[in-house]
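Colleague: everything below, folded, please.
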Amino acid sequence: MLAAIIAVVAVILDQISKYIVVQNIELYETVPFIKGFMSFYHTRNTGAAFSMFSDKRWVFMVFSFISMGLIVYMLIKEYRRHPLMNLSLGMVLGGGIGNMIDRIRLGYVVDFFHTDFIDFAVFNVADCFITVGAVLLAVYVIFFEPRVEKKLQAEKKAAEESANIAAADEGNGENG
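Modeller: Take a look at the predicted model:
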């Protein structure tokens, strides 16, 4: 449930922000936001991250669709695993859906955040969700997953032992 809420929020924030940019900033126009730090620069990304593979749009879309399907599968199968995993996968999923909506509807992704203090790719709200989600997922895998897996294995072993005891008790009741 947490992942679904996060994904929906990500898509809504992404699509609203892109709509505002498209309606208010001309294509390739720069509007200062925080002087020397960040500006809005309305551009179109026809490829993957940082406009890579712009001539391979359909291949990237298929890869993105498969990746989002795997995330949904993982969330359905392992949703009880840990809230940080759900949060991070929800963020990546929501960001992916936000950008996929643009690719399907427009044939490109609307980007608009431009860092003025460093030469970096122009990005959008969906990219922020994907990046933060990926970092949180790495934190989960490195710091939490080993403990979560150990706890789940202990719970599974305890459940098996309890089932064995119950089966033995049933067997004793039938024979006695």
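Colleague: tell me the secondary structure for residue 42?
Modeller: What DSSP: H, G, I helix; E, B strand; the rest coil gives for residue 42 is strand.
Colleague: list the contacts for the nearest residue to it once chain neighbours are set aside?
Modeller: Nearest residue to residue 42 in three dimensions, chain neighbours excluded: residue 25, at 4.2 Å (Cβ to Cβ, 6 or more residues apart in numbering). Backbone N, C-alpha and C define where each C-beta goes, glycine included. The neighbours of residue 25, taking Cβ atoms under 8 Å, 6 or more residues apart in numbering as the test, are 31, 40, 42, 112.
Colleague: swap the cut-off to 6 Å and go again
Modeller: 31, 40, 42 (Cβ atoms under 6 Å, 6 or more residues apart in numbering).
Colleague: can you pull the pLDDT of the last one?
Modeller: It stands for residue 42. On the pLDDT scale, residue 42 is placed at 98.
Colleague: and it, what is it in contact with?
Modeller: Contacts of residue 42 (Cβ under 6 Å, 6+ apart): 21, 25, 27, 29, 112.
Colleague: what subset of the residues you listed is buried?
Modeller: Taking 16 or more other Cβ atoms under 10 Å as the criterion, what is buried in the contacts of residue 42 is 21, 25, 112.
Colleague: contacts only, for residue 37.
Modeller: Residues in contact with residue 37 (Cβ under 6 Å, 6+ apart) are 116-117.
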